[in-house]
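Visitor: structure for this input, please:
(2 chains)
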2 protein chains.
Amino acid sequence: MTQTDPCAGVQAAILALEARFGSRLSRAEAVRAQHGSVESWLPEALPDAVLFLQTTEEVSEAVTLCHHHGAPVIPFGAGSSIEGQVLAPHGGISFDLSGMDRVLAVNAEDMDCVVQCGVIHQNLNEHLRATGLFFPVDLGAHATLGGMASTRASGTTTVRYGSMRELVLGLTVVMPDGRVIRTGGRARKSASGYDLTHLFVGAEGTLGIITEVTLRLFGRPEASRSLLCAFEDLEAATSCVVAALQSSLGLTRIELADTLQMQAINAHAGSTLPERPTLWVEITGSAPAVAHDATLFAELSEGSGALHVETADNHEAANRIWRLRHNALYATRALRPGIKGISTDVCVPISRLPDCIAEIRAEIDKTALIAPLIGHAGDGNFHLVLMFDPEDAQETAVARQINARLISIALTMGGTATGEHGVGLGKMGYMQAEHGAALDVMRQIKRALDPSGIMNPGKIFTP
Amino acid sequence: MTQTDPCAGVQAAILALEARFGSRLSRAEAVRAQHGSVESWLPEALPDAVLFLQTTEEVSEAVTLCHHHGAPVIPFGAGSSIEGQVLAPHGGISFDLSGMDRVLAVNAEDMDCVVQCGVIHQNLNEHLRATGLFFPVDLGAHATLGGMASTRASGTTTVRYGSMRELVLGLTVVMPDGRVIRTGGRARKSASGYDLTHLFVGAEGTLGIITEVTLRLFGRPEASRSLLCAFEDLEAATSCVVAALQSSLGLTRIELADTLQMQAINAHAGSTLPERPTLWVEITGSAPAVAHDATLFAELSEGSGALHVETADNHEAANRIWRLRHNALYATRALRPGIKGISTDVCVPISRLPDCIAEIRAEIDKTALIAPLIGHAGDGNFHLVLMFDPEDAQETAVARQINARLISIALTMGGTATGEHGVGLGKMGYMQAEHGAALDVMRQIKRALDPSGIMNPGKIFTP
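Guide: Purely as a prediction, here's the structure:
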């Protein structure tokens, strides 16, 4: 870092990058705007330029130049993160890695693969179709695997297969000074040295840029069955989830909606489901295991006082059930047309789900805020979609208060501010309360690995 | 760190610790020797004193004093690590944490627990008996959960449940300056900040002392069935393992022995098993799932050309099969009475197991070394027990060469020098070859978090 004026540093970096990468560096307003805004309550924050890169070597070269000039570097994949991870509050260069979209290796016998960071997860599964294998992390969003690793993403199948935390075996990372390192590897386990893989997974690009990812794959299950169960209240639904988890059923998905969400779904889909807390369940495995586990789950749900249990015995019936779940966000948006909503993301120990939800619902009920709940019950992670008008200062303030209050409740219960969306800019304010003295250890690591502070500055915590 | 002469620092620390902890600090030769030697080819390296501690607060106080005086601190649990993790090559104070043996909380509904670091894993499972839950990491060794976390231990059930890497949810850690931090938590997943939990898991006490561990628990499976299958050669055995993993069978254990190991087992147990590469398999789950999967495994093994398949239909038969596996080390030692043997520990992608084993077997066959193989086939991790006389310089040199050659072969195949034993002093020499530039990143982290270098110095890598 040779520049002391950050703006001069950025301009010098842009000139150097332009000399090396030509038209792959863009300063166009539209390109910058596309890379500097997110669907969230965070204001746009544009990078000074956007650089489109194709290989680890190019990323290394470009980081080396930015490091030399002290210019901020913001990694960008699909731009689908929702806590402002891709914004450029300190300016700098957005590194668009969406062109790094090659699957580099599929090792079917070892059930792993190596991908460039820009591969979209749905595309990886297309690529794997003929192998009988698949990669299970299943997000609604159109997201890159590098971005999913960087934000420690999860989704509906985490209860069975784990999140990016469990499924990334190794990484190629460009460090803040341009060095390229490889972490982890293809061995299924290792006790060799510090676990750098997990340090970069979830670091949101603040310690380096993930350019390649080695992932675990799984065999496609032979059979599956889906159920939909409605309960009198959240306690009953949660006790059913706990019983199912303790029985080690082959649960692949176990999703929860609250009464308000079910009302929204019925209104949107024209369905007549009970407007009560509801679980969607998918059970997979061998045919006899699925038959046994689905029967047992139905029994457990009835033991927990289920009011209504619907078992989908064929593919079409399962699709119909799950379509209601997948369209939940659209159903919510239909409650207040023109409003997109912003999602909360706490995760608590499962036994605390009913209390956590009841406490925040009581707070919401004191306001005019509409906020249906949808969540990954098997992980204790749920989303309230806060339907407020971001142009309305008063509504926005109420929504922010509810979000803050929810995080406070979750932390008191041993939970976390974010189960799967990450910190970015949006959750920074809660990190001290969640991590306490450990936050300083994170800062020590940041300073050690990125002493110039160029990697995605201003995210996760203040320096 | 106020002392510049390390010996003076240690002596000053000992006086200060004695003033605070009285007779819980021992300088007795026998106590020091017990804490400064391991069953390995590593020479003993005694600490200057041993301190017996009971609580996180005491550990924090004692580390603060050692930090002040610049005295090395070596965490000690059960002393069962086998790469010299507990040796004191730079002297200093061994912190004996075996008295921190309380289970602090069991949250049955959330299927987690919190233990002090000195709890022995078998004792935790005794404690959990009435809950229907268990902690699955299953080592032969009498090991503490803190030590197992610190060395990223695994064992026979990793293929199903994962290793300590996957099963530690959170930690309490005393940092090298005495600060106490909490990492992770009881939420099943989190995208909140750097993953410090995984940084300390496997750091072997070089970044801080783990004093409390939050662990995932699992429901005890309803049913289990065990099989023993002998194959013509290692390729056939491995192809059966790959087919079983791709079919997502409910494999809880899948262990491999080679021909020499089977000869040793027959000679020791008086059994008449085929003296061919053999798999032990345990399948668990619901009764119908187990019946289905056991039948399918038997079919897969026959498809892979199994010469002999034995299914244990009851508890006694399963115990008989598994007793042969558990006594494998004694059978090996009986090949050369008086010699304990030293275990290699590479882990490779599973498809490379036959090549890796064939390559090293060809090298071993050029020597007089006896080295039966036993391994965790589902993970690609295996142990050769090198039966040499550590008093014989020539034999020792040959054994060392074989170990080094094996690691070199494994690294070429995308594997790791250590699947589960850790680095300690024994594997330090291989870290540069395995990690390359990433080793410098580990060093940067070490320097940032332990600038005085007092935490378990001289382990994993040179500063």
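
Visitor: A:Ile374 reaches A:Met262, doesn't it?
Guide: No: counting by C-beta atoms under 8 Å, A:Ile374 sits too far from A:Met262 to count as a contact (10.0 Å). Yep, even glycine has a C-beta here, placed from its N, CA and C like the rest.

Visitor: ok, now which ones touch A:Ala45?
Guide: Applying C-beta atoms under 8 Å, 6 or more residues apart in numbering or on different chains, we find A:Ala45 in contact with A:36-37, A:84, A:87-89.

Visitor: where does the closest residue to it other than its chain neighbours land on pLDDT?
Guide: Excluding the flanking residues, the one nearest A:Ala45 by C-beta to C-beta, 6 or more residues apart in numbering or on different chains is A:Leu87, at 4.0 Å. Looking at A:Leu87, its pLDDT stands at 97.

Visitor: what's the answer for A:Gln3, then?
Guide: 44.

Visitor: element containing A:Thr311?
Guide: strand A:306-312 (DSSP states H and E).

Visitor: name the strands paired with that strand and say parallel or antiparallel.
Guide: strand A:223-231 (antiparallel) (DSSP bridges).

Visitor: pLDDT on the strand it pairs with, on average?
Guide: 97.

Visitor: quick one: contacts for A:Ala334?
Guide: Contact analysis of A:Ala334 by C-beta under 8 Å, 6+ apart lists A:264, A:267-268.

Visitor: what mean pLDDT would you report for whatever helix or strand comes next after the strand holding A:Thr311?
Guide: As assigned by DSSP H and E, the chain's next helix or strand after strand A:306-312 is helix A:315-326. If you average the pLDDT over helix A:315-326, you get 95.

Visitor: over to stretch A:95-110?
Guide: Mean predicted confidence for stretch A:95-110 is 98.

Visitor: do that stretch and chain B meet?
Guide: Yes: on the criterion C-beta under 8 Å from any C-beta of the partner chain, stretch A:95-110 is in touch with chain B at A:107-110.

Visitor: nearest to B:Glu166, of these?
Guide: When these are ranked by distance to B:Glu166 (C-beta to C-beta), A:Asp110 comes first, at 17.9 Å.

Visitor: can you confirm the closest one is in a helix?
Guide: No: read with DSSP: H, G, I helix; E, B strand; the rest coil, A:Asp110 is coil and lies in no helix.

Visitor: the most centrally placed residue in chain A: what's it in contact with?
Guide: Against the mean C-alpha coordinate of chain A, by C-alpha atoms, centre = their mean, the closest residue is A:Ala153 at 3.4 Å. By C-beta under 8 Å, 6+ apart, the residues touching A:Ala153 are A:137, A:139, A:143, A:147, A:163-164, A:420, A:422, B:191.

Visitor: how about A:Val10?
Guide: Counting by C-beta under 8 Å, 6+ apart, A:Val10 makes contact with A:48, A:69, A:71-72, A:91-93.

Visitor: from chain B, how far off is A:Gln261?
Guide: 21 Å (C-beta to the nearest C-beta, to the nearest Å).

Visitor: just the pLDDT at that residue, thanks.
Guide: Reported pLDDT for A:Gln261: 98.

Visitor: so it sits in a helix?
Guide: Yes: when three-state DSSP is applied, A:Gln261 is found to be in a helix.

Visitor: how's chain A carved up into domains?
Guide: Chain A is divided into the following domains under automatic domain parsing: A:6-98, A:103-219, A:221-420.

Visitor: most packed of those domains?
Guide: domain A:103-219 (a mean of 23; mean count of other C-beta atoms under 10 Å in any protein chain shown).

Visitor: so the residue of the stretch 301-450 of chain A found nearest chain B is in which element?
Guide: The nearest approach of the stretch 301-450 of chain A to chain B comes at A:Ala448, 3.4 Å away (C-beta to the nearest C-beta). Element membership for A:Ala448, per DSSP H and E: helix A:438-449.

Visitor: can the residues of stretch A:95-110 next to chain B go into JSON lines with extra columns for distance to B:Leu384?
Guide: Output for those, formatted as JSON lines (distance: C-beta to C-beta, whole Å):
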{"residue": "A:Asn107", "distance to B:Leu384": "25"}
{"residue": "A:Ala108", "distance to B:Leu384": "28"}
{"residue": "A:Glu109", "distance to B:Leu384": "23"}
{"residue": "A:Asp110", "distance to B:Leu384": "21"}
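
Visitor: which parts of the stretch 1-150 of chain A sit against chain B?
Guide: Residues of the stretch 1-150 of chain A lying near chain B (C-beta under 8 Å from any C-beta): A:107-112, A:132-133.

Visitor: spell out which parts of the stretch 351-463 of chain A neighbour chain B.
Guide: So the stretch 351-463 of chain A meets chain B at A:351, A:378-381, A:414-423, A:427, A:431, A:434-442, A:444-445, A:447-449, A:460-461 (C-beta under 8 Å from any C-beta).

Visitor: what about chain A, any weak spots by pLDDT?
Guide: A:1-6 (pLDDT under 70).

Visitor: biggest helix in it by residues?
Guide: helix A:393-412 (DSSP state H).

Visitor: so A:Arg253 sits in a strand?
Guide: Yes: using three-state DSSP, the assignment for A:Arg253 is a strand.

Visitor: skipping its backbone neighbours, what lies nearest it in space?
Guide: In space, A:Arg253 is closest to A:Glu282, 4.1 Å off (C-beta to C-beta, 6+ apart).

Visitor: a strand runs through the one you found, doesn't it?
Guide: Yes: checked against three-state DSSP, A:Glu282 lies within a strand.

Visitor: and it, how far from chain B?
Guide: Following C-beta to the nearest C-beta, the distance that separates A:Glu282 from chain B is 15 Å.

Visitor: same check on A:Ala62?
Guide: Taking C-beta to the nearest C-beta, one finds A:Ala62 at 18 Å from chain B.
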